[in-house]
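> Here's my sequence, what's the structure:
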Amino acid sequence: MFKPNFTITNTTTRYLSEIAVAREIVLRAPLIPKWEIDLRRQSLINSTHASTSIEGNKLSLEEISDLMIGREITATRRDKQEVINYFEALNYLDILASKKELASEDILKLHKIITKGVLDDPKNSGHYRTPADEKKRGRVVVAERLTRKITFLPPPAKEVPEQIKKFIAWLNNKEARELDPVLEAGVTHYEFVRIHPFIDGNGRTSRVLASLILLRRGFDTKRFFALDDFYNSDRPRYYEALKSVNPQTLDLTAWLEYFCEGVAVSINAVRDKVLSLTGDKKKDRETEQVALDNRQIKVVEFLRKEGKITNKQIRGLLKTSNKTAYELLQSLIKNRVITKEGKGRNTHYLLG
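Numbers count the residues shown, from 1 in each chain. Below is the predicted model of the structure:
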């Protein structure tokens, strides 16, 4: 079984303490549904923009926001598909987080979602690289985007199945669950990048997996913060942190310091936003946070753009039945997210 090698330094401990304090403030804040939706929506958009931007995607935050509600934008087919894929992968995490154990098939499914319609060879989507791939394409390497200078040489394809097997065994073992969730996510991120099991899409998949670990461990149940934003803000440092791990000793100490710093910066940004919304009030029994699903967030995103929405528009937006659209509307009204106006055919809904 895979066994990570690292030391918890004073720097790591300081960041973990800072993270715990900020997280507690966020959890205790009396957020009304409208604020919760906005925080989660922005987190999903920021994560999608940052992670795809790291890989060279040119779409802006505003363009990604438009894509979320089905608007047409002027961009290449590949850029649009990459963003749609990543957003779908983030939404799929809610399903994976509910599973008791993760399996190789789950990782393959994630990769298939992330790379659907964007790889040169569609057969590589949802499949680990093989010796046949190496024979055809040559050895997979990690290189700088502009200079093409090789920065890392992953293990040969023939070793991928066994290394993935050991990695997944560790993920499902109590040793991983006994780690702080942030450390487990950091180890997961690096080890997946190191194995580099796919022809393409390894970076995006590793970042989604790190988010999955935090969700599984109950760290970011509200999906409020976007760790990818930190990586994208200083890409050279992100790559330097990944390269800081000695390939012989695989000592993750310096990488985990960087990873914990990223989580601290990200969750402190959420804390500051929450405090600005609530005026530093603490949650009480009368102001419970309300969990909203991805379909509801999509409806709210449409409302933010268009101002109002009808039952018919919801059916088209979500490709769902009249009954489901009605139930979704009633739930949003009950949680005071939207209000109903008009009667009969003139009925429409506004943000509360």
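
> For residue 160, which residues are in contact?
128-129, 195, 197 (CB atoms under 8 Å, 6 or more residues apart in numbering). Placement of C-beta: from N, CA and C, glycine included.

> Residue 35 contacts residue 276, correct?
No - the criterion here is CB atoms under 8 Å, and residue 35 misses it with residue 276 at 10.1 Å.

> Neighbour count: those two, which is higher?
A count of neighbours by other CB atoms under 10 Å puts residue 35 above the other of residue 35 and residue 276, at 16 against 9.

> now the strands: where do they sit in the stretch 201-350 of the chain?
In the stretch 201-350 of the chain, the segments counted as strands under DSSP state E, counting those that start in this stretch are 338-341, 348-351.

> In which helix or strand does the nearest residue to residue 86 once chain neighbours are set aside reside?
Computed as CB to CB, 6 or more residues apart in numbering, the closest residue to residue 86 that is not its neighbour in sequence is residue 48, at 4.7 Å. Take DSSP states H and E as the rule and residue 48 turns out to sit in helix 33-54.

> Heading C-terminal from that helix, find the next helix or strand.
The C-terminal neighbour of helix 33-54 among helices and strands, as given by DSSP H and E, is helix 61-68.

> Now do that next one, average pLDDT.
Per-residue pLDDT over helix 61-68 has a mean of 88.

> now that helix and helix 33-54, what's the angle there?
Per axes from the mean of the first three to the mean of the last three CA atoms, to 10 degrees, the angle that helix 61-68 makes with helix 33-54 is 110 degrees.

> Which strands or helices does helix 61-68 pack on?
Counting contacts by 3 or more CB pairs under 8 Å, 6 or more residues apart in numbering; DSSP states H and E, helix 61-68 is packed against helix 33-54, helix 77-97, helix 294-306.

> returning to that earlier point: narrow the contacts of residue 160 to those in strands?
Secondary structure from DSSP state E places none of those in strands.

> can you name the two of the residues you listed that are farthest apart?
Distance extremes for those: the farthest pair is 129 and 195 at 10.1 Å, using CB to CB.
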